[in-house]
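Trainee: I'll drop the sequence and a predicted model, then ask my questions.
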Amino acid sequence: MRRPLALGVALLVAVAGVAPGAAATGTRDFGRATLLKFASLPAETFVPGSEPSGAALGGTPSNGIVPPFADQPVQGFSGVVRNGDGTFEVLSDNGYGNKANSADFLLRIHRIAPDFASGGVDVLGGVTLTDPRGLVPFALTRPDRVLTGADFDVESITRVADGSYWLGDEFGPYLLHFDRAGRLLAAPVPLPGVFAPENPAGTPNLGSSKGFEGMAQSPDGKFLYPLLEGTVTGDAPGTLRVNEFDLARGKYTGQRYSYRLGSPDLAIGDMISVDRNRFLVIERDGGQGADAKVKRIYLADKRDRDRDGFLDKTLVADLLDIANPRRVGGFEGTFRFPFTTIEDVVILDDSTLGVLNDNNFPFSSGRTPGKADNNEFITIKLAERLHADPRVLR
């Protein structure tokens, strides 16, 4: 009697046009996204008249580029915020990959303007992050309290109603609150019970550089949802914690959600809000170029309709399989975004996303082997609408 029942369920799913794996939540993949626009910032772009950087790299060439550098690289975008005028704020991460080699990299928020007509990206300025009031409770690298990649590894950013920024850090992991001029407004907020190896306050139970890689803000501006990149010791492999933070109270609420990676060897690159219940999450492997296999954007729903204890996931875009019928950017056939780290997604309208890579200057070479990656900015049209909260579209 069980065989006919199983066949009946399979037939019902097939008739409904829903994949069997999606039947529990009533969701299905969006389908193939299409490349709309392409722009690129050259890898060797530096902040004019800034300070030397890269001394700890030892003069070893990477992808044809020899450090140290006379100025600060405009490097490695790990977070993005949309302005209302066609410009974007982008966050550079800790510099050259770890605490030990990034002491002369100054943490900075840049303002950029992609010029999709020419295919270029203009750097319009930015702010360097500082702690003039002495709010960081541990010793900083510099006596002038300018923050460096040896102090924090900033990987996510959101802007709140008063124009100030909240950043997610991986070394604590900490939440960091800065004003519009890049000045720290309060002491770093630790995540209770979670300690990265770079955090001197407790026994490490999180991998190095596995802290707050993504961070969403609720559309009503009341809560932050920072997402860890790594699994906390004792949690199931491939499970990532999303913690709710109350902005008015300045503390965590105790509410926690779980995001499950497609496999434990994958990582996330960013997370932003779509509405009060749904997020966009970049999920990726560590491959680049021809070795890149998983570079995806998922819609993650905290309502957990299948009751498995994890955010429900719907594939929104496969970044290695983007249609490009108009040969945007001079690329023919299927467009691939084949970078080691893709760490920026932003909603432009209800069916259009902006996506940027972290080029890990000068180490990554996903676009052309042996050549340092540029910072690329693409826009893609989704096959379906997001039905986003209007507040995130403003």
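Mentor: In hand now; what should we look at? Numbering: from 1, shown residues only.
Trainee: From here on, just use CA atoms for contacts and neighbour counts.
Mentor: Will do.
Trainee: Would you map the strands across the stretch 251-394 of the chain?
Mentor: All strands of the stretch 251-394 of the chain, identified by DSSP state E, counting those that start in this stretch, fall at 251-260, 267-273, 278-284, 295-301, 312-318, 341-349, 352-358, 375-381.
Trainee: Give me the packing partners of the last one, helices and strands only.
Mentor: Taking 3 or more C-alpha pairs under 8 Å, 6 or more residues apart in numbering; DSSP states H and E as contact, the helices and strands that strand 375-381 lies on are strand 34-41, strand 352-358.
Trainee: so Leu147 sits right up against Asp131, yeah?
Mentor: Yes: with contact defined as C-alpha atoms under 8 Å, Leu147 counts as touching Asp131 (7.0 Å).
Trainee: Give me the more crowded residue out of the two.
Mentor: Regarding Leu147 and Asp131, a neighbour count based on other C-alpha atoms under 10 Å identifies Leu147 as having more, with 27 against 19.
Trainee: So for the closest residue to that one other than its chain neighbours, what pLDDT did the model give?
Mentor: Beyond its immediate neighbours in the sequence, the residue positioned closest to Leu147 (C-alpha to C-alpha, 6 or more residues apart in numbering) is Thr130, lying 5.2 Å away. In the prediction, the pLDDT value recorded for Thr130 is 98.
Trainee: hey, where'd the helices end up in the stretch 1-150 of the chain?
Mentor: Shown for the stretch 1-150 of the chain, the helices assigned by DSSP state H, counting those that start in this stretch span residues 2-16.
Trainee: need the helix or strand of this structure with the lowest average pLDDT.
Mentor: Lowest by mean pLDDT, DSSP states H and E among the helices and strands of the chain is helix 2-16, with a mean of 37.
Trainee: Any chance you could spot the residue sitting in the middle of this structure?
Mentor: Geometric centre of the chain, nearest residue: Asp270, 2.6 Å, by C-alpha atoms, centre = their mean.
Trainee: List the residues that contact that one.
Mentor: 78-79, 156, 213-215, 280-283, 342-345 (C-alpha atoms under 8 Å, 6 or more residues apart in numbering).
Trainee: try Ala300
Mentor: Contacts for Ala300 (C-alpha under 8 Å, 6+ apart) come out as Arg278, Phe279, Leu280, Val281, Leu311, Asp312, Lys313, Thr314.
Trainee: any idea which of these is the one closest to Gly289?
Mentor: For Gly289, the closest of the contacts of Ala300 turns out to be Val281, at 21.3 Å, with distances computed as C-alpha to C-alpha.
Trainee: Now that closest one: closest residue in space, sequence neighbours ignored.
Mentor: Leaving aside its sequence neighbours, Val281 is closest to Met271 (4.5 Å, by C-alpha to C-alpha, 6+ apart).
Trainee: ditto for Leu140
Mentor: Counting by C-alpha to C-alpha, 6+ apart, the residue nearest Leu140 is Asp151, at 6.1 Å.
Trainee: I'd guessed that neighbour sits against Arg142; true?
Mentor: No: here Asp151 lies out of contact with Arg142, judged by C-alpha under 8 Å, at a distance of 9.3 Å.
Trainee: neighbour count winner among the two?
Mentor: Here Asp151 and Arg142 are compared on neighbour count by other C-alpha under 10 Å; more neighbours surround Asp151, at 25 against 13.
Trainee: so what's that one up against?
Mentor: Residues in contact with Asp151, defined by C-alpha under 8 Å, 6+ apart, are Lys99, Ala103, Leu140, Thr141.
Trainee: Give me the lowest-pLDDT entry from the residues you listed.
Mentor: The lowest pLDDT within the contacts of Asp151 belongs to Lys99, which sits at 94.
Trainee: Burial check on that one, number of neighbours?
Mentor: One way to gauge burial is a neighbour count; for Lys99, by other C-alpha under 10 Å, it gives 19.
Trainee: Count the neighbours of the closest residue to it other than its chain neighbours for me.
Mentor: Spatial nearest neighbour of Lys99, excluding adjacent residues (C-alpha to C-alpha, 6+ apart): Ala150 at 4.3 Å. Applying the criterion other C-alpha under 10 Å, we find 25 residues in the vicinity of Ala150.
Trainee: Next: the one 4 residues further on.
Mentor: Look at Val154: counted by other C-alpha under 10 Å, it has 30 neighbours.
Trainee: While we're on it, how confident is the model there?
Mentor: Per-residue confidence at Val154 stands at 97 (pLDDT).
Trainee: That one is in contact with Leu167, isn't it?
Mentor: Yes: taking C-alpha under 8 Å as the contact criterion, Val154 and Leu167 are neighbours in contact, 6.5 Å apart.
Trainee: Which strand residues bridge Ile112?
Mentor: Taking DSSP bridges, one finds Phe88, Val123 as the beta-bridge partners of Ile112.
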